[in-house]
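J.: Need the 3D shape of this:
(chains A and B)
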There are 2 protein chains.
Amino acid sequence: MIGEHSSKQYDHDLEAIRSKVLLMGGIVETQFTDAMTCFRVGNVEAAERVIAEDDAVNQLEVSLDDACSHLIVRRQPTANDLRTVMATIKVITDLERIGDEAAKIARMSKSLHSRGMVTVNHFETVRTIAGETSDMLHDALDAFARLDGKQALALIARDAIIDREFGFIMRNLITFMMEDPRTISAALDTLWVAKAIERIGDHAKNIAEYVIYVVEGKDIRHTRPSAPAVQ
Amino acid sequence: MIGEHSSKQYDHDLEAIRSKVLLMGGIVETQFTDAMTCFRVGNVEAAERVIAEDDAVNQLEVSLDDACSHLIVRRQPTANDLRTVMATIKVITDLERIGDEAAKIARMSKSLHSRGMVTVNHFETVRTIAGETSDMLHDALDAFARLDGKQALALIARDAIIDREFGFIMRNLITFMMEDPRTISAALDTLWVAKAIERIGDHAKNIAEYVIYVVEGKDIRHTRPSAPAVQ
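T.: Purely as a prediction, here's the structure:
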């Protein structure tokens, strides 16, 4: 049995970690928004900011992993509490990868605009998927902050919508490229941006799954959408 | 201080986990090899096998995460030992994502061959990157098995070679598409396969970084290749 004192210490340490994870979540959310602005209007400063912030995100990942290790060693959490720490360790990895994808979008936007290869359609093509993914990421972080299993569960279905939207964009761009082969290079850049957005959606889904794991105590990764393990 | 008895139990439990991680590594390595065979010769059975094995890999991920949690709760490892468990938890995630990428290659190969859209070049285009990535994955698992920090460090530089090779493939395919727009759809499929291979290389690099973290006690993620934290 863990004493009340130790348990309170654990709660305190865990809360500090959770706050820092949410801070990290806020940074990657801003990175994604800024990266999309850069893709839309070619703001090089915004792109530089996104790329520079990737370092801060990477440092947060390393220090949060450390903080989780220290928490485990010092507080020796029970199985239930440990589940929360394990999920947090996984969420940190997903947040770091979202930062990576945002930085990729920023770098591609910079290159695209500097080469003057921007077409009128380039942002319109990804507007829907970017909006859906941005909402999904926001809601996933919100579900993590409030440990809201219901909200997290609703998010998982939304990832399928993003995947379908990505398929639609790809077919659209193929038609575009076939009609005018001179657009191939620029169309591919837009396709990579769409792919990076779709991956951010995947990571948001992962975060939602970890929230459900903490709240419901069930591991719903790798269950089919048609047969949810949690209701 | 942890007693000798408890420490031996810890070693025993950890060894069981490590064996299972290596089993998982062996499965995803085979998945990748089979997926590439399918891409080369259009073996639908091989593709089905790769896709089916993804379930086994997913189950291994869930059960290994559980085993790591139980190890932490029951054996309460010290900071040093915990580092190994933390690295193992991260390696498991990377292995599962390698399985995902292999299954993606298998699905794309099946679709490509069933539509009869295979060109003579499609496998030649990715032969080099596939070979390099396969070697790199094998060596990363070997470094993990033997906890060989030196081998792991050498691997990190090899990821940059794979990334360069991917850039080369992309430029190559763009030229190909521009010369004959009818090939755009098939060329894009080859490009997605190349991208999946390149991601497997990224995950192999991640595994190598976790090996170094365990061996050297340094977190070398997010350090620049020009200024390695470990020699």
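
J.: who in chain A is up against chain B?
T.: A:55, A:58-59, A:61-62, A:65-66, A:68-70, A:72-73, A:76-79, A:82-83, A:86, A:89-90, A:93, A:170, A:174, A:177-178, A:181-182, A:184-185, A:188, A:191, A:195, A:219, A:221-222 (C-beta under 8 Å from any C-beta of the partner chain). Any C-beta I mention is one placed from the backbone N, CA and C, and that applies to glycine too.

J.: go again using 7 Å as the cut-off
T.: Within reach of chain B by C-beta under 7 Å from any C-beta of the partner chain, chain A has these residues: A:58, A:62, A:65, A:69, A:72-73, A:76, A:78-79, A:82-83, A:86, A:89-90, A:93, A:174, A:177-178, A:181, A:184-185, A:188, A:219, A:221-222.

J.: Please spell out the ChimeraX selection for the buried subset of those.
T.: The ChimeraX selection below is limited to those of those classed as buried (16 or more other C-beta atoms under 10 Å in any protein chain shown):
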select /A:58,62,65,69,72,73,82,83,86,89,90,93,174,177,178,181,184,185,188,219,221
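
J.: show me where chain A has helices.
T.: Counting by DSSP state H, chain A has these helices, from start to end: A:4-41, A:44-75, A:79-114, A:121-146, A:149-179, A:184-216.

J.: pLDDT (mean, whole number) over the second one?
T.: To tie it back to what came earlier, the one meant is helix A:44-75. Helix A:44-75 comes out with an average pLDDT of 92.

J.: Kindly report the same for the longest one.
T.: On average, the pLDDT along helix A:4-41 is 91.

J.: Equivalent analysis for stretch A:110-122, please.
T.: pLDDT averaged over stretch A:110-122 gives 75.

J.: gap between the two ends of that stretch?
T.: Terminal residues of stretch A:110-122 are spaced 14 Å apart (C-alpha to C-alpha, to the nearest Å).

J.: Now for A:L95: which residues touch it?
T.: A:M24, A:G25, A:V28 (C-beta atoms under 7 Å, 6 or more residues apart in numbering or on different chains).

J.: now those in a markdown table, with neighbour count?
T.: Formatted as a markdown table, the contacts of A:L95 follow (neighbours: other C-beta atoms under 10 Å in any protein chain shown):
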| residue | neighbour count |
| --- | --- |
| A:M24 | 24 |
| A:G25 | 24 |
| A:V28 | 28 |
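
J.: ok, so of those residues, who is nearest A:D139?
T.: Using C-beta to C-beta, A:G25 comes nearest to A:D139 of those, at 11.5 Å.

J.: how near is the closest one to A:G99?
T.: Distance, A:G25 to A:G99, using C-beta to C-beta, to the nearest Å: 10 Å.

J.: Same check on A:A154?
T.: The gap separating A:A154 from A:G99 is 25 Å, by C-beta to C-beta.

J.: ok, these two, which is more surrounded?
T.: More crowded of A:A154 and A:G99, by other C-beta atoms under 10 Å in any protein chain shown: A:G99, with 27 against 13.

J.: what about the residue nearest to the more buried one when sequence neighbours are not counted, how many neighbours?
T.: Using C-beta to C-beta, 6 or more residues apart in numbering or on different chains and skipping residues adjacent in sequence, the residue nearest A:G99 is A:V57, 3.8 Å away. For A:V57, the tally of surrounding residues (other C-beta under 10 Å) stands at 22.

J.: Would you confirm that A:V57 contacts A:T30?
T.: No: in this structure A:V57 lies outside contact range of A:T30 using C-beta atoms under 7 Å: 10.5 Å.

J.: Pull the contacting residues for A:A56.
T.: A:A56 neighbours (C-beta under 7 Å, 6+ apart): A:I27.

J.: Next one: it relative to chain B, how far apart?
T.: For A:A56, the distance to chain B equals 11 Å [C-beta to the nearest C-beta, to the nearest Å].

J.: now A:A16
T.: Remark: distance between A:A16 and chain B (C-beta to the nearest C-beta) = 18 Å.

J.: Could you give the number of residues near that residue?
T.: A:A16 is surrounded by 12 other residues when neighbours are defined as other C-beta under 10 Å.

J.: Please name the spatially closest residue to it (chain neighbours excluded).
T.: Nearest residue to A:A16, sequence neighbours excluded (C-beta to C-beta, 6+ apart): A:A67, at 7.4 Å.

J.: Do I have it right that that neighbour meets A:I17?
T.: Yes: judged on C-beta under 7 Å, A:A67 makes contact with A:I17 at a distance of 5.2 Å.

J.: ok, A:Y210 touching A:V91?
T.: Yes: contact criterion C-beta under 7 Å: A:Y210 and A:V91 qualify, at 5.3 Å.

J.: Show the backbone phi and psi for A:N43.
T.: When read as degrees, to the nearest 10, the backbone of A:N43 gives phi -80, psi 100.

J.: Look up how far A:A56 lies from it.
T.: 19 Å.

J.: With A:Q9 instead?
T.: Distance, A:Q9 to A:A56, using C-beta to C-beta: 28 Å.

J.: just A:L191 next, same as before
T.: A:L191 is 29 Å from A:A56, by C-beta to C-beta.

J.: likewise A:V91?
T.: Separation of A:V91 from A:A56 (C-beta to C-beta) stands at 17 Å.

J.: what's the answer for A:K8, then?
T.: From A:K8 to A:A56 the distance is 31 Å (C-beta to C-beta).

J.: Equivalent analysis for A:I105, please.
T.: Taking C-beta to C-beta as the measure, A:I105 falls 17 Å from A:A56.

J.: before we move on, what about A:T175?
T.: Counting by C-beta to C-beta - A:T175 and A:A56 are separated by 40 Å.

J.: A:G26 now?
T.: A:G26 sits 11 Å away from A:A56, going by C-beta to C-beta.

J.: same question, A:A140
T.: 20 Å.

J.: And A:F168, what's its pLDDT?
T.: 95.

J.: Could you pull up the residues touching it?
T.: Contacts of A:F168 (C-beta under 7 Å, 6+ apart): none.
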